[in-house]
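Trainee: test case, fold it:
(2 chains)
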2 protein chains.
Amino acid sequence: MRRRAAVFACALFGLAIAQEPARDDAPRYAADGRLILPANYREWIFLSSGLGMTYSANEGGSKDPSFTNVFASPSAYRSFQRTGTWPDKTTLVLEVRDSQSRGSINLGGHYQSRLAAVEVEVKDAGRFPGKWAFFGFGASTGPAKQIPVTASCYGCHAANGAVDNTFVQFYPTLLAVAKTKGTVKPHAGE
Amino acid sequence: MRRRAAVFACALFGLAIAQEPARDDAPRYAADGRLILPANYREWIFLSSGLGMTYSANEGGSKDPSFTNVFASPSAYRSFQRTGTWPDKTTLVLEVRDSQSRGSINLGGHYQSRLAAVEVEVKDAGRFPGKWAFFGFGASTGPAKQIPVTASCYGCHAANGAVDNTFVQFYPTLLAVAKTKGTVKPHAGE
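Mentor: Down below sits the predicted model:
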């Protein structure tokens, strides 16, 4: 009987792992507080990508604009699907890649090439008074210091992010979820 | 003792699930042979995206080019990481999305918007004499007929794909793996 109970408990455990990835995608920090780059973020959930996006009217179109790929930690993504917003311990990774136009059989448009930089936004209410914090890794994989809260990214995300400090207006599949859940901020542009 | 053995076996079972996703991402077909669209492909592994890519010199740059996002089935992706090529039952999904330039605070470049079409390439040696087959879903989620093998995509992929019928030259993280494993075709452009 006790064996059967143990088997049952373990089967549940296996099921839990299959359905809900272990919470090993929470942000991790070095002893000095720097954020550790999630090693497998390329296997996280892709939200969307842009090419040459700019929030400044002064920036002319670049001949070689950068791609920006955004990935969400799987547990945060699954929570967003249920609630339309981000849970604590969310990690979003912005990967910046160079673009290339001519190569192999491609003759126009742009495709992605060299990794240029990685920036990470985390929600960690127990650690950051404003809940959210940004980290710039550049092209390095070592731990990164927090970007000072005086940087423009903090104010811009808080003011313009469609859902809870994030630019869900640029992630079409999540925007649809947020609209259904009623979590899009009023007047957040689309 | 028996209970402890059961716990150990179940712990191993849980571990197996955590490390190797179940093979439930193999291609599935309707009774009439049409391919069923993988419902959760947006949660698969993102390979790369392009904007306005074209293989024809005659196509001028469009003002509103399309984004193309490519996703791989998780089990195929993990196999590629180990071997540098695709196993049987691989599924690759090409998602075509409209692009938008001005919206919210964005003033230049392009970001992704409406889903325009989905195309799928599968490797299924037991079903297709050429191993690989293509399916066009358009913007529908219903099952899709195979694209006839006389279509240009078959010859183009076979002739120009850097690794086993696929354009790994446009997927930078996989290209690095394929180079390490020595699986890039000679003269496959980069």
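
Trainee: out of everything not next to it in sequence, what's closest to the spatially most central residue of chain A?
Mentor: Per Cα atoms, centre = their mean, the C-alpha nearest to the average position across chain A is that of residue A:92, at 1.8 Å. Closest residue to residue A:92 apart from its sequence neighbours, by Cβ to Cβ, 6 or more residues apart in numbering or on different chains: residue A:121 at 4.7 Å. Bear in mind the C-beta positions are built from the backbone N, C-alpha and C, glycine included.

Trainee: for residue A:126, same thing?
Mentor: Leaving out its chain neighbours, the residue that sits closest to residue A:126 by Cβ to Cβ, 6+ apart is residue A:88, at 7.7 Å.

Trainee: where does chain A have low pLDDT?
Mentor: Confidence mapping of chain A against pLDDT under 70 gives the ranges A:1-23, A:58-61, A:189-190.

Trainee: what's the burial count for the residue nearest to residue A:126?
Mentor: Residues near residue A:88, counting by other Cβ atoms under 10 Å in any protein chain shown, number 15.

Trainee: can you verify it is assigned to a helix?
Mentor: No - under DSSP: H, G, I helix; E, B strand; the rest coil, residue A:88 sits outside any helix and is assigned coil.

Trainee: which residues does the residue nearest to the centre of chain A bridge with?
Mentor: Note on residue A:92: beta-bridge partners by DSSP bridges are residue A:72, residue A:121.

Trainee: wait, it touches residue A:69, no?
Mentor: No - with contact defined as Cβ atoms under 8 Å, residue A:92 does not reach residue A:69; the gap is 11.0 Å.

Trainee: spit out the residues that contact those two alike.
Mentor: Shared contacts of residue A:92 and residue A:69 (Cβ atoms under 8 Å, 6 or more residues apart in numbering or on different chains): none.

Trainee: thinking again about what came up before, ok, the residue nearest to the centre of chain A to residue A:163 distance?
Mentor: 12 Å (Cβ to Cβ, to the nearest Å).

Trainee: one more: residue A:146?
Mentor: In this view, residue A:146 and residue A:163 are 22 Å apart by Cβ to Cβ.

Trainee: those two: which has the busier surroundings?
Mentor: The residue with more neighbours, out of residue A:146 and residue A:163, is residue A:163; 23 against 17, by other Cβ under 10 Å.

Trainee: I'd assumed residue A:86 was in contact with the more buried one.
Mentor: Yes - in this structure residue A:163 lies within contact range of residue A:86 using Cβ under 8 Å: 7.4 Å.

Trainee: so what touches the helix or strand that contains residue A:173?
Mentor: Using DSSP states H and E, the element containing residue A:173 is helix A:172-181. Contacting residues not belonging to helix A:172-181 are listed as A:47-48, A:80-81, A:83-85, A:162-163, A:168-169, A:184, A:190, B:42, B:97, B:112-115 [Cβ under 8 Å, 6+ apart].

Trainee: rerun at 10 Å
Mentor: For helix A:172-181, the external contacting residues (Cβ atoms under 10 Å, 6 or more residues apart in numbering or on different chains) are A:45-48, A:70, A:72, A:77, A:80-86, A:162-164, A:166-169, A:171, A:183-185, A:188, A:190, B:42-43, B:95, B:97-98, B:100, B:111-115.

Trainee: which of the residues you listed are buried? Put it as a ChimeraX command.
Mentor: To isolate the buried ones among these in ChimeraX, judged by 16 or more other Cβ atoms under 10 Å in any protein chain shown, type:
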select /A:45,46,47,48,70,72,77,80,84,85,86,162,163,164,166,167,168,169,171,183,184,188 /B:42,43,95,97,100,111,112,113,115
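
Trainee: take the contacts of helix A:172-181 and keep only those in helices.
Mentor: A:77, A:80, A:81, A:82, A:83 (DSSP state H).

Trainee: JSON lines for these, including distance to residue A:33?
Mentor: Formatted as JSON lines, the ones in helices among the contacts of helix A:172-181 follow (distance: Cβ to Cβ, whole Å):
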{"residue": "A:77", "distance to residue A:33": "26"}
{"residue": "A:80", "distance to residue A:33": "27"}
{"residue": "A:81", "distance to residue A:33": "31"}
{"residue": "A:82", "distance to residue A:33": "31"}
{"residue": "A:83", "distance to residue A:33": "29"}
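
Trainee: now narrow the residues you listed to whatever sits close to chain B.
Mentor: Filtering the ones in helices among the contacts of helix A:172-181 for neighbours of chain B using Cβ under 10 Å from any Cβ of the partner chain leaves A:77, A:81.

Trainee: which one of the ones in helices among the contacts of helix A:172-181 sits closest to chain B?
Mentor: Among the ones in helices among the contacts of helix A:172-181, residue A:77 lies closest to chain B (Cβ to the nearest Cβ), at 7.6 Å.

Trainee: surely residue A:166 touches residue A:85?
Mentor: Yes - with contacts counted by Cβ atoms under 10 Å, residue A:166 reaches residue A:85, the gap being 9.0 Å.

Trainee: overlap in contacts of these two?
Mentor: Common neighbours of residue A:166 and residue A:85 (criterion: Cβ under 10 Å, 6+ apart): A:123, A:174, A:178.

Trainee: can you flag the buried ones in the residues you listed?
Mentor: Buried subset of those (neighbour count, 16+ other Cβ under 10 Å): A:123, A:174, A:178.
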